[in-house]
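> Okay, sequence plus prediction incoming.
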Amino acid sequence: MTEQNTPNSPEIDPDAALRDRLADEFMAEAAFDGWTRAALAASGRALDLPAGEADRLFPGGPLQALTYVSERADQRTVEDMEKEGITALKIRDRIKGAVRIRLERHAGPREAARRALSTLSMPLNAGLALKLLYRTVDAMWYAAGDTSTDFNFYTKRATLAGVYSSTLLYWLNDRSPGAEATWAFLDRRIDDVMKFEKLKGQVRSWTGPKRPGARPAARR
């Protein structure tokens with residue numbers, strides 16, 4: 001991928017570095033107080049920012065900050081996948097690598113992630129939750145080298161959304177060393193998907209066009 005300016009890069013956003021610092025501090029606060037305006041204000045005070053500066057950097061409040069953190073994590077996941085040459089791997093290993101990189105390196109503190117899910121599960125935030133999930137899996141597929149433009153484009157993202165979401169929930173409650181239980185769970189989920197894809201291929205072969213000259217089934 002050619003290098004290009006991202007929405008939070010200094011070339012476009014002169015406040016990028018400060019906004020990153022505030023986002024990091026907010027994640028730390030959110031682990032205790034949730035993704036709230038009080039936690040955002042506390043983050044500004046912890047960084048000795050002038051009064052009102054946190055609101056200037058995130059005028060949309062906690063949800064804008066949460067969105068920023070999620071999209072930044074997507075961007076960093078893509079960068080790490082590209083650095084590690086994931087497109088050279090088998091497809092199952094690309095997906096496994098994508099999910100693992102996202103959770104191990106860029107999900108933030110577990111409790112902050114848990115509280116983010118709680119915030120996004122509120123009915124008023126359902127649209128944002130779906131949008132952020134779509135952006136995450138779309139970024140993963142992009143970095144994994146997906147070039148599909150047909151119906152597979154959507155089915156791949158729906159499938160990965162299920163794998164990623166279930167693995168995230170498992171990871172939030174995993175206390176095994178190195179999150180080994182989570183990665184074993186991820187392997188099982190991917191195995192299930194691969195078996196299903198194989199079954200779909202078999203069904204297509206059974207129901208596909210008949211050979212020229214094949215006799216139609218007898219009517220009863």
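Right, received. Where do you want to start? Numbering: from 1, shown residues only.

> residue nearest the centroid of this protein?
residue 136 (3.2 Å; C-alpha atoms, centre = their mean).

> which residues in this protein form helices?
16-33, 37-46, 53-57, 62-83, 91-106, 110-120, 126-143, 151-172, 180-207 (DSSP state H).

> If you rank every helix and strand of this structure by mean pLDDT, what lands last?
The helix or strand of the chain with the poorest confidence is helix 180-207; it has a mean of 76 (mean pLDDT, DSSP states H and E).

> check contacts around the residue nearest to the centre of the chain.
Neighbouring residues of residue 136 by C-beta atoms under 8 Å, 6 or more residues apart in numbering: 70, 73, 74, 77, 102, 164. Bear in mind the C-beta positions are built from the backbone N, C-alpha and C, glycine included.

> Return, as residue ranges, the portions of this structure with sub-threshold pLDDT.
1-11, 196-220 (pLDDT under 70).

> The same query, at a cut-off of 90, please.
Regions of the chain meeting the criterion pLDDT under 90 cover residues 1-14, 91, 147-152, 192-220.

> Just the buried residues of stretch 50-60, please?
Neighbour counts over stretch 50-60 (16 or more other C-beta atoms under 10 Å) mark 53, 54, 57, 58 as buried.

> and stretch 74-82, C-alpha only, in PDB?
Written as PDB, here are the backbone C-alpha positions of stretch 74-82 (Å, rounded to 0.1, in the frame of the first residue of the first chain):
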ATOM      1  CA  ASP A  74      -7.800  -0.400  12.700                       C
ATOM      2  CA  GLN A  75      -5.200   1.800  11.100                       C
ATOM      3  CA  ARG A  76      -2.400   0.400  13.300                       C
ATOM      4  CA  THR A  77      -3.600  -3.200  12.700                       C
ATOM      5  CA  VAL A  78      -3.400  -2.700   8.900                       C
ATOM      6  CA  GLU A  79       0.100  -1.200   9.300                       C
ATOM      7  CA  ASP A  80       1.300  -4.200  11.400                       C
ATOM      8  CA  MET A  81      -0.300  -6.700   9.000                       C
ATOM      9  CA  GLU A  82       1.500  -5.100   6.100                       C
END
